[in-house]
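Student: Take this sequence and fold it.
(2 chains)
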Amino acid sequence: MKYEYNKEPELYTPIMMRVISKRDLTPDVRFFQLVPKEEFKHLDMDYKPGQFMMLSLFGTGEAPFSISSSPTRKGIFEFAIRETGKLTNKIFELKDGDMLGLRGPFGNGFPIERMLGKDIIIVAGGLGAAPLRSLLLYIMDNRELFGRLIYLYGAKNVDDMLYKPDFVEMLDSEQIELFLTVDKGNEGYEDSIEEGKVTHLFKYVNDIDPANTIACVCGPPGMYKFVVTEILKYNLEKDKILLNLERRMKCGCGKCGHCIIDYRYTCIDGPVFTYWDVIHMRELI
Amino acid sequence: MIKIKKSDFSTFITNLQKNYSVFAPVTDGKATAFKKIKSAEDINNKVLNTKRSPKEIFFPQSEVLFQYTEEGIKVPKREEKPFAIWGMRNCDTKSLLLLDKVFGEAHQMPKKDMYKDPYWKEKYDNCLVFNLACNKPLSTCFCNWFDGGPFNNTGSDIFVIENDENYIFEAVSDKGKKFLKEFKTAEQVSDKEIKKIEKLKETAESYLAEKEDISSLFSKTKEIWDETIWDEIAAKCINCGACAFVCPTCHCFDVSDEGKGKKGKRIRLWDSCMFAIFTKEASGHNPRSQSLQRVRQRVMHKYNYFMDNYDEHLCTGCGRCVVVCPVNLDIREVIKKIIRY
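Tutor: As a prediction, this is how the structure comes out:
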């Protein structure tokens, strides 16, 4: 078979990104900032909060990752990546200046148009704070376009809390009603971080106008049931509860079949689903 | 309709090869498959269902997406010569239409063009499909359940009927019409012969098992999702995935890198929803960890989910999975069981 150099990226061919900085968020989650290599800078790579991209290292493989940065801050793509397998182990070895393949953005993302003018409740669990950071920054950068902003974040312990310094600093902000909790052990943060599951923070969420509120949730699979139960107590309609879900994916574009749930594809119709979808699509959570 | 004598078949193929790369059913040891042929002698026109389905011409078991090198990415060079496939049966030509919905069209996407599969598209747009009628369908054939038939020609360019002395050609698509128009050496078919075709068709259809009315299959599958019937259906299944690999409509794939150091290839390989790690996520969470869930997924995707999206079943009744299943899990029995549940 003969080969020729690829001029424009196609569905399965990634563009190259350069790592410009990285730092550890927790013992096993690292934050990466990427910029497109010069020849790809002209491409339109606009995205929405809640969308994901396929990152790859040649010779190791490719996997989907949620975007952590906001489209309001153009040029730099940010990802919070947990070291958990073959590909992420290799990504952790990357140094500044190293290259990484990227395809996307894929997925529906959060329906920003529907959320404009509304009060927003964001509930994050563990690594769920990574995709929700994109939404958080988007709202903070367009603060006048939204109503109240309530953010609840629960992590296993203080070491496992993503963006902890940022969040602790934000606690004093008048722009956001922010509440933090860890399952166990808040030593050193007694003033700012509570102890207990994320559901226990709902006692601070009061005076909710259900007609004018949208809730966005992302966390480990076991968390959704409990969080949704709490949100439903505020009489929110089922399609105003948005869940950002995870599935194994290979193509990102509705072909490879890995992320099929019912008649839909997580990579195209998701990863953001409504609670109404959850009730009508089996095996979703 | 026009015809050529069977004795001229070899010349016909040789002429076809001047403008096309020709694929046809060949026998390789005990297995049969569609391969690129050197001459007409390679062709086995007797085989009805090749063991491996011709989907592999368009969607190979392993396909190079691109080569990666230190200088950049290189994609496979597009084949310039169009190709012709001789001897596909209706169950397989119809499968191309179904696969084109997944690979060719975008799945209800706003940015449609962005989601077209370039590897599928360039092959699908570049081929001429000859659909050979089945004079004597097999005992495992059930194309008639899905509105197919031994003398149907959906999804093909040219329909070919074989009688004792001749191959009779009928154009199906515009591409086929154009081809037959330029085909000067063929003779016209007489009215008497056309009448005989009717007879051949009737005989062929008589070999098929009784047609099952599957009009309730879609609604039934939706209703029984939570029922115990799946325990009965899945009890036998050993999740080997053979059914998916021989299926002309199964299209799931995995993506993997092969190579050493900074040089290698990114390839895609057939995968199957029958395998336990098919849905396993990096976190360890696996939405379909049980065999029952995976069997249900395959049946539901074929007879319910695909219907939801495209108003068609993702099955053409070729019967390959019935033949190949090591534990005799007959999909026809599964369908009957569901309808009668």
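Student: A:Ala130: how many residues sit nearby?
Tutor: The local packing count at A:Ala130 equals 25, with neighbours defined by other Cβ atoms under 10 Å in any protein chain shown. C-betas here are computed from N, CA, C, even on glycine.
Student: For the helix or strand harbouring it, give the mean pLDDT please.
Tutor: For A:Ala130, the host element (DSSP states H and E) is helix A:129-141. Mean pLDDT, helix A:129-141: 96.
Student: do the next helix or strand after that helix and chain B meet at all?
Tutor: Past helix A:129-141, heading to the C-terminal end, the next element that is a helix or strand (DSSP H and E) is strand A:149-155. No: for a cut-off given as Cβ under 8 Å from any Cβ of the partner chain, strand A:149-155 has no contacts with chain B; the smallest distance is 14.9 Å.
Student: And strand A:149-155, what's buried?
Tutor: Buried residues in strand A:149-155, counting neighbours by 16 or more other Cβ atoms under 10 Å in any protein chain shown, are found at A:149-155.
Student: picking up where we left off before, give me the buried positions along the helix holding A:Ala130.
Tutor: Quick answer for helix A:129-141 (16+ other Cβ under 10 Å): A:129-140.
Student: From those residues, pick the one nearest A:Thr84.
Tutor: Among the buried residues of helix A:129-141, A:Ala130 lies closest to A:Thr84 (Cβ to Cβ), at 12.9 Å.
Student: Show me the helices in chain B, by range?
Tutor: Shown for chain B, the helices assigned by DSSP state H span residues B:9-19, B:55-58, B:90-103, B:118-124, B:174-181, B:191-206, B:217-223, B:229-235, B:242-246, B:291-300, B:306-310, B:320-324, B:331-340.
Student: distance between the fourth one and the chain's centre?
Tutor: Centroid separation between helix B:118-124 and its chain, computed with Cα atoms, centre = their mean, to the nearest Å, is 15 Å.
Student: ok, now the shortest one?
Tutor: Centre-to-centre, helix B:55-58 and its host chain are 8 Å apart (Cα atoms, centre = their mean).
Student: What average pLDDT does it get?
Tutor: For helix B:55-58, the mean per-residue pLDDT is 94.
Student: How about residues contacting it?
Tutor: Helix B:55-58 is contacted from outside by B:23, B:33-34, B:83, B:85, B:92, B:95-96, B:99, B:120, B:123-124, B:127, B:248-249, B:251, using Cβ atoms under 8 Å, 6 or more residues apart in numbering or on different chains.
Student: Return it as PDB; C-alpha atoms alone will do.
Tutor: Extracted as PDB, the C-alpha positions of helix B:55-58 are listed here (Å, rounded to 0.1, in the frame of the first residue of the first chain):
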ATOM      1  CA  LYS B  55     -18.300  -6.200   3.900                       C
ATOM      2  CA  GLU B  56     -14.500  -6.700   4.300                       C
ATOM      3  CA  ILE B  57     -13.900  -5.200   0.900                       C
ATOM      4  CA  PHE B  58     -15.300  -1.900   2.200                       C
END
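Student: mind checking how far A:Met54 is from A:Val29?
Tutor: Taken as Cβ to Cβ, to the nearest Å, the spacing of A:Met54 relative to A:Val29 amounts to 19 Å.
Student: Also A:Ser69?
Tutor: From A:Ser69 across to A:Val29, the span is 15 Å (Cβ to Cβ).
Student: what does B:Lys184 give?
Tutor: Here B:Lys184 is placed at a distance of 71 Å from A:Val29 (Cβ to Cβ).
Student: one step back: quick check: which of the helices of chain B is buried the most?
Tutor: Of all those, helix B:90-103 carries the top mean neighbour count, a mean of 23, counting by mean count of other Cβ atoms under 10 Å in any protein chain shown.
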